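*Asks:* generate a structure from the sequence data that follows.
(one chain, ligands or ions: 1)
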Amino acid sequence: MRSEIKLLGYPLEHSISPIFQQVALDYCGIEADYVACSVIESGLSNEVQKIRTDRCLGANVTIPYKEKIIPMLDKIDSTASKLGAVNTIVKQEGQLVGYNTDLYGFTKGLMDHGGFNPSGKNALIFGAGGAARAAAFGLVNQKVSNLTIVNRDFERAKSLANELMNHGFTCFAKSLDNENLQHIICKADLIVNSTPIGMDKHSQQGMSILGSNILAKSNYVYDLVYSPAQTQLIEQANEVGARSLGGLPMLIYQGAFAFTMWTSHEAPVELMFEVANKALNTR
Ligand code: NAP
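*Replies:* From the prediction side, this is the model:
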């Protein structure tokens with residue numbers, strides 16, 4: 001019988017993980033199916049129990065269950081615990097262990113794919129949710145000089161900034177309507193969008209977190225939104241000649257890390273990029 005790797009979330013129509021993960025499994029000759037399980041909250045613990053069966057190799061977890069799944073697992077690794085979110089479940093010695101590969105995906109995407117080294121730089125993150133937490137911890141791990149978290153809900157920005165300060169990092173919190181925002185943006189070497197603004201099928205599809213004429217050539221823009229590949233924010237960066245990176249590398253690298261943990265095979269990253277790009281371009 002073929003094995004299975006589950007993707008748990010709700011809804012899942014938007015996800016391209018099943019496409020590139022299945023191609024990777026087939027390429028490596030692994031007799032397994034990557035199965036999207038769109039599950040409502042009341043059915044989540046039952047799906048988690050199914051991961052315990054021999055047939056299942058592990059799982060990915062996506063919105064809205066990255067936090068809710070934690071009490072259902074046997075162990076949580078230190079990164080997932082710090083981020084308060086699990087996106088990958090691996091079976092180890094009969095136990096379900098929760099990992100978070102988003103931080104790895106964020107950093108690897110930025111440094112290896114984007115060619116940007118955060119060390120000693122001024123960084124600014126829009127958002128204070130799960131992706132922003134991965135970005136913030138990823139950047140402090142890479143020794144940014146200082147970090148500003150900008151969020152619509154200022155209390156959430158403050159809470160994340162305080163958490164990072166407690167780990168000994170220089171971090172500031174600002175509200176999205178702060179009047180000095182333009183000045184802070186001017187001084188930022190790196191600007192990360194970890195809000196859904198600009199994402200396909202979102203109420204603010206085609207829009208940008210920034211107004212026009214705010215970016216400068218010296219900014220590096222990292223938009224974690226991966227669909228569409230060319231968001232309005234990336235177009236704004238292109239217009240002023242600023243370097244930029246979309247969210248696809250983060251998605252692929254977080255998936256590649258999970259793939260290796262489930263299968264002990266090196267992930268065919270280039271092939272995963274190829275099929276993911278094709279899937280996004282035909283949407
Ligand atoms: P989340 O936990 O729900 O956080 C969303 C964040 O965006 C919050 O800080 C929220 O602010 C802010 N936000 C939402 N709508 C906004 C609006 N209209 N105006 C201003 N701020 C707004 O979501 P998440 O998991 O962090 O994901 C955020 C986005 O990151 C996703 O939509 C996705 O595009 C991207 N992402 C990409 C990858 C990847 O692999 N490339 C992985 C994960 C996520 P409040 O706190 O004020 O509500």
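*Asks:* so L57 sits in a helix?
*Replies:* No. L57: not assigned to a helix; according to DSSP: H, G, I helix; E, B strand; the rest coil it is strand.
*Asks:* residues making contact with stretch 52-69?
*Replies:* Stretch 52-69 is contacted by residues 1, 3-10, 12, 15, 17, 21, 32, 41, 44, 48, 50-51, 84-91, 96, 98, 100, 130, 255, 258, 261-263 when judged by CB atoms under 8 Å, 6 or more residues apart in numbering. Just so you know, the C-beta spots here come from the backbone N, C-alpha and C atoms, and that holds for glycine as well.
*Asks:* start to end distance for it?
*Replies:* Terminal residues of stretch 52-69 lie 14 Å apart, using CA to CA, to the nearest Å.
*Asks:* now find how far off-centre that stretch is within its chain.
*Replies:* 16 Å (CA atoms, centre = their mean, to the nearest Å).
*Asks:* what mean pLDDT does it get?
*Replies:* With pLDDT averaged residue by residue, stretch 52-69 scores 96.
*Asks:* check contacts around the residue of the chain found nearest the ligand.
*Replies:* Nearest to the ligand, among the residues of the chain, is G129, at 2.0 Å (CB to the nearest ligand atom). Under the criterion of CB under 8 Å, 6+ apart, the neighbours of G129 are R156, S194, T195.
*Asks:* what number of residues lie near the residue nearest to S159 when sequence neighbours are not counted?
*Replies:* Nearest non-adjacent residue to S159, counting by CB to CB, 6 or more residues apart in numbering: A128, 7.4 Å away. For A128, the count of nearby residues is 25 (other CB atoms under 10 Å).
*Asks:* ok, the one 5 residues further on next?
*Replies:* For R133, the neighbour count with other CB under 10 Å is 24.
*Asks:* what of N117?
*Replies:* What N117 shows, counting by other CB under 10 Å, is a neighbour count of 12.
*Asks:* doesn't it fall inside a helix?
*Replies:* No. Assessed with three-state DSSP, N117 is coil; it does not lie in a helix.
*Asks:* distance check, it against K143.
*Replies:* 10 Å (CB to CB, to the nearest Å).
*Asks:* picking that back up, the residue nearest to S159 reaches N162, doesn't it?
*Replies:* No. If you go by CB atoms under 8 Å, A128 and N162 don't touch, sitting 11.3 Å apart.
*Asks:* shared neighbours, the two?
*Replies:* Between them, A128 and N162 share no contacting residue, judged by CB under 8 Å, 6+ apart.
*Asks:* could I get the contacting residues of V269?
*Replies:* By CB under 8 Å, 6+ apart, the neighbours of V269 are I252, Y253, A256.
*Asks:* which parts of the stretch 101-250 of the chain sit against the ligand?
*Replies:* 102, 105, 127-132, 151-153, 156, 176, 194-197, 199, 204, 224-226, 247, 250 (CB under 6 Å from any ligand atom).
*Asks:* pull out the buried residues from these.
*Replies:* When those are checked for burial by 16 or more other CB atoms under 10 Å, the buried set is 102, 105, 127-132, 151, 156, 194-197, 199, 224-226, 247, 250.
*Asks:* in which helix or strand does L280 reside?
*Replies:* helix 269-281 (DSSP states H and E).
*Asks:* whoops, I mixed them up, I89
*Replies:* strand 88-92.
*Asks:* does that strand come close to the ligand?
*Replies:* No. Contact of strand 88-92 with the ligand (CB under 6 Å from any ligand atom) is absent, the minimum separation being 12.3 Å.
*Asks:* next SSE after that strand?
*Replies:* Trace forward from strand 88-92 with DSSP H and E and the next one is strand 95-99.
*Asks:* neighbouring strands - and their directions - for that following strand?
*Replies:* Sheet partners assigned to strand 95-99 using DSSP bridges are listed as strand 75-76 (parallel), strand 88-92 (antiparallel).
*Asks:* that strand: which residues count as buried?
*Replies:* Result for strand 95-99 [16+ other CB under 10 Å]: buried residues L96, V97, G98, Y99.
*Asks:* quick one: contacts of that strand?
*Replies:* For strand 95-99, contacts defined as CB under 8 Å, 6+ apart pick out 48, 51-52, 69-70, 72-77, 79-80, 86-91, 258, 261.
*Asks:* is it possible to export the contacts of G129 to a markdown table including secondary structure, pLDDT and distance to P268?
*Replies:* Shown next, in a markdown table, are these (DSSP: H, G, I helix; E, B strand; the rest coil; pLDDT from 0 to 100; distance: CB to CB, whole Å):
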| residue | secondary structure | pLDDT | distance to P268 |
| --- | --- | --- | --- |
| R156 | helix | 97 | 38 |
| S194 | coil | 97 | 27 |
| T195 | coil | 96 | 31 |
